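Novice: here are the coordinates; sequence isn't available:
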């Protein structure tokens with residue numbers, strides 16, 4: 001199966017919630033959502049942000065929007081007002097997640 005970046009299948013937005021980052025991932029096509037729901041797990045996102053996200057990762061499904069929402073706890077060094085991180089509000093986390101590579105069935109890429 002070809003490996004492609006998540007960016008080919010989805011768009012994303014992110015921001016801070018105190019010391020947590022919220023990342024919304026929206027399928028570019030409704031046909032991509034079942035695949036994303038199956039492969040884009042909380043554990044996989046946690047592994048992608050290894051060393052950055054120090055807490056748990058929660059995933060919420062929004063099938064009516066063909067979207068997934070991830071909350072990464074303890075990912076901002078304490079939050080915007082106390083963090084020394086360059087991105088204390090978590091705005092770049094969506095872009096970082098979209099760089100994740102996935103093995104995607106060829107038939108899905110032909111849609």
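Specialist: In hand now; what should we look at? This structure is a prediction, so every number in the text was calculated from the model and none was measured. Residues are numbered from 1 along each chain as shown.
Novice: From the contact counts, what lies against the helix or strand where residue 43 lies?
Specialist: Using DSSP states H and E, residue 43 sits in helix 42-48. Under the contact definition 3 or more C-beta pairs under 8 Å, 6 or more residues apart in numbering; DSSP states H and E, helix 42-48 sits against strand 57-62, strand 67-72, helix 93-98. (Glycine included, C-beta is placed from N, CA and C.)
Novice: Now do it: everything it contacts.
Specialist: 23, 53, 56, 57, 58, 59, 70, 72, 96, 97, 100 (C-beta atoms under 8 Å, 6 or more residues apart in numbering).
Novice: can you do 6 Å?
Specialist: Under the criterion C-beta atoms under 6 Å, 6 or more residues apart in numbering, residues 57, 59, 70, 100 lie in contact with helix 42-48.
Novice: Looking at those, which one is closest to residue 49?
Specialist: Among the contacts of helix 42-48, residue 57 lies closest to residue 49 (C-beta to C-beta), at 7.7 Å.
Novice: Bridging across strands, which residues link to residue 20?
Specialist: Taking DSSP bridges, one finds residue 17 as the beta-bridge partners of residue 20.
Novice: Please look at it and residue 76 and confirm they touch.
Specialist: No: with contact defined as C-beta atoms under 6 Å, residue 20 does not count as touching residue 76 (7.2 Å).
Novice: Fine by me, we can end here.
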